[in-house]
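K.L.:
Provided below are the primary sequence and the corresponding predicted coordinates.
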Amino acid sequence: MALNPLLPQQFVYISTGFVLLAGAPKAKIDKLQRLLNAAARLVSDTRKFDRGLSQLMYVDLHWLDVPEGVKYKLVSMVHK
């Protein structure tokens, strides 16, 4: 599987804004999750209903789901 090397760098910019989503409505978080899923499918050149998207996001791309990313950013900010 060939991954586009530019998109993971763009994800860094998205993930820094995760802390702004703390307390956001579930509908907003779900929209962003769908966007990240689409980006993962674009990078991996998979279709919408192909299996293995979660493994691709966690193992290959090292991406967290949006709610997990929000928690991670909040914890890391409080730790500092």
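P.N.:
Good, I have the coordinates. Residues are numbered from 1 along each chain as shown.
K.L.:
Going along the chain, name the helices of this protein.
P.N.:
Using DSSP state H, the helices of the chain run over 7-16, 26-44, 53-55, 66-79.
K.L.:
Format these as CSV; extra columns: mean pLDDT.
P.N.:
CSV is the format used below for those (pLDDT from 0 to 100):
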stretch, mean pLDDT
helix 7-16, 57
helix 26-44, 86
helix 53-55, 76
helix 66-79, 82
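K.L.:
Dump the ones you listed to a markdown table, plus mean neighbour count.
P.N.:
The C-beta positions use only the backbone N, C-alpha and C, and glycine is treated the same way. Listed next are those as a markdown table, based on neighbours: other C-beta atoms under 10 Å:
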| stretch | mean neighbour count |
| --- | --- |
| helix 7-16 | 13 |
| helix 26-44 | 15 |
| helix 53-55 | 13 |
| helix 66-79 | 14 |
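K.L.:
Not counting its neighbours along the chain, what's nearest Lys28?
P.N.:
Excluding the flanking residues, the one nearest Lys28 by C-beta to C-beta, 6 or more residues apart in numbering is Leu21, at 6.9 Å.
K.L.:
doesn't Val66 make contact with that neighbour?
P.N.:
Yes - counting by C-beta atoms under 8 Å, Leu21 does reach Val66; the two are 7.0 Å apart.
K.L.:
list residues touching both of these two?
P.N.:
Residues touching both Leu21 and Val66 (C-beta atoms under 8 Å, 6 or more residues apart in numbering) are Ile29, Leu32.
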